[in-house]
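Visitor: model the structure of this input:
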Amino acid sequence: MSWESRFAEAGISWFAFARVVGPRARLRLEGPTRVGMFNVATRFEIGAFSYMHDGQGFNLVIGRYCSIGRNLYALQPNHPVDWLSTNPFQYQPDAFLGAKSPYFDGFEAQPRPPIGNKTITIGNDVWIGSNVTLVNGITIGDGAIIGAGSVVTKDVPPYAIVGGNPARLLRHRFDEDTIADLLDLQWWNLHPSMLSGLEFSNINRCISQLRQRIQAGAEPFAPDVLEGLSGDFLS
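Guide: Prediction:
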């Protein structure tokens with residue numbers, strides 16, 4: 001079965017997948033989801049009912065029900081700052097220009113340094129505006145909002161609204177008790193049918209309704225999942 005057919009069967013839409021994903025990238029995709037022209041280098045996970053437009057990432061894990069705008073840049077690994085140069089010629093002379101160069105024939109390279117290629121983790125129900133940059137290793141909590149044009153350099157608490165360069169806390173979406181209730185309920189793990197008819201615009205009433213349904217035995221959601229190396233889907 002072609003990757004197009006496998007994706008369609010799981011409800012996954014990824015524009016130009018074969019052209020933007022490296023063959024050794026590790027993927028975990030929950031359906032349904034939609035990904036635009038997003039370049040992936042190493043690892044990419046995205047939860048059900050999330051969507052994103054375009055950008056680039058290396059190690060990126062995204063939860064469910066996320067809304068991610070255009071030009072997300074999840075930063076690549078760091079370069080060494082205490083070596084002679086920050087340029088990678090010192091540890092990968094044959095590859096750093098994308099092609100072998102005769103100037104480096106017989107060049108004695110150093111072992112590649114630990115370059116901090118950490119995972120960027122985005123929780124559930126996160127809204128990220130356009131033109132946002134995320135620094136390696138940060139975690140964005142459930143329910144957070146990242147303003148357009150922000151550069152996020154540190155962890156973002158659940159249900160926080162941040163913005164700026166560097167991003168700073170502007171306010172929280174709800175009060176502490178409401179946030180605690182939402183984190184306890186974890187509504188994003190429920191089957192969508194369990195969310196039908198909730199009073200979405202009245203957060204306190206909505207929480208009460210959710211709690212009643214969970215106590216009554218609300219059905220969890222078990223999505224279709226595609227998992228493996230991207231090259232396995234392209235073969």
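
Visitor: burial count for the closest residue to residue 12 other than its chain neighbours?
Guide: Closest residue in space to residue 12, ignoring its immediate chain neighbours: residue 31 at 4.7 Å, by Cβ to Cβ, 6 or more residues apart in numbering. (C-beta placed from N, C-alpha, C; glycine too.) When neighbours are counted by other Cβ atoms under 10 Å, residue 31 registers 20.

Visitor: next up, the contacts around residue 31.
Guide: Contact analysis of residue 31 by Cβ atoms under 8 Å, 6 or more residues apart in numbering lists 10, 11, 12, 48, 223, 224, 225, 226.

Visitor: leaving out chain neighbours, which residue sits closest to residue 195?
Guide: That would be residue 187: by Cβ to Cβ, 6+ apart, it lies 6.8 Å from residue 195.

Visitor: any figure for the gap between that neighbour and residue 29?
Guide: 21 Å (Cβ to Cβ, to the nearest Å).

Visitor: who has more neighbours, these two?
Guide: In this view residue 187 and residue 29 are compared by other Cβ under 10 Å, and residue 29 has more residues nearby, 26 against 20.

Visitor: contacts only, for the closest residue to residue 83 other than its chain neighbours.
Guide: Excluding its sequence neighbours, the residue lying closest to residue 83 (Cβ to Cβ, 6+ apart) is residue 90, at 6.1 Å. Neighbour list for residue 90: 80, 83, 84, 109, 110 [criterion: Cβ under 8 Å, 6+ apart].

Visitor: now do the residue nearest to residue 12, the pLDDT please.
Guide: Residue 31 carries a pLDDT score of 96 in this model.

Visitor: now the residue of the chain most remote from its centre: how far from residue 31?
Guide: Residue farthest from the centre of the chain, counting by Cα atoms, centre = their mean, is residue 106 at 40.2 Å. Residue 106 sits at a distance of 50 Å from residue 31 (criterion: Cβ to Cβ).

Visitor: now swap in residue 63 and tell me
Guide: Distance, residue 63 to residue 31, using Cβ to Cβ: 15 Å.

Visitor: again with residue 71
Guide: Plainly put, residue 71 is 25 Å away from residue 31 if you go by Cβ to Cβ.

Visitor: okay, buried residues for the longest helix seen in the chain please.
Guide: When the chain is parsed with DSSP state H, its longest helix is helix 203-215. Buried residues in helix 203-215, counted by 16 or more other Cβ atoms under 10 Å: 206, 207, 209, 210, 213, 214.

Visitor: list the contacts of the residue nearest the centre of the chain.
Guide: The centroid of the chain falls nearest to residue 62 when counting by Cα atoms, centre = their mean (3.4 Å). Counting by Cβ under 8 Å, 6+ apart, residue 62 touches 45, 46, 47, 50, 52, 68, 122, 126.

Visitor: please redo it, this time with the cut-off set to 10 Å
Guide: Neighbouring residues of residue 62 by Cβ atoms under 10 Å, 6 or more residues apart in numbering: 30, 33, 35, 44-47, 50-52, 68, 72, 74, 120-124, 126, 128, 140.

Visitor: could you report the neighbour count for the closest residue to residue 142 other than its chain neighbours?
Guide: What sits nearest to residue 142 in space, not counting adjacent residues and going by Cβ to Cβ, 6+ apart, is residue 123, at 3.8 Å. Neighbourhood size, residue 123 [other Cβ under 10 Å]: 23.

Visitor: and for residue 159?
Guide: The tally of other residues near residue 159 (other Cβ under 10 Å) stands at 24.

Visitor: from what I can see it touches residue 145, true?
Guide: Yes - with contact defined as Cβ atoms under 10 Å, residue 159 counts as touching residue 145 (8.4 Å).
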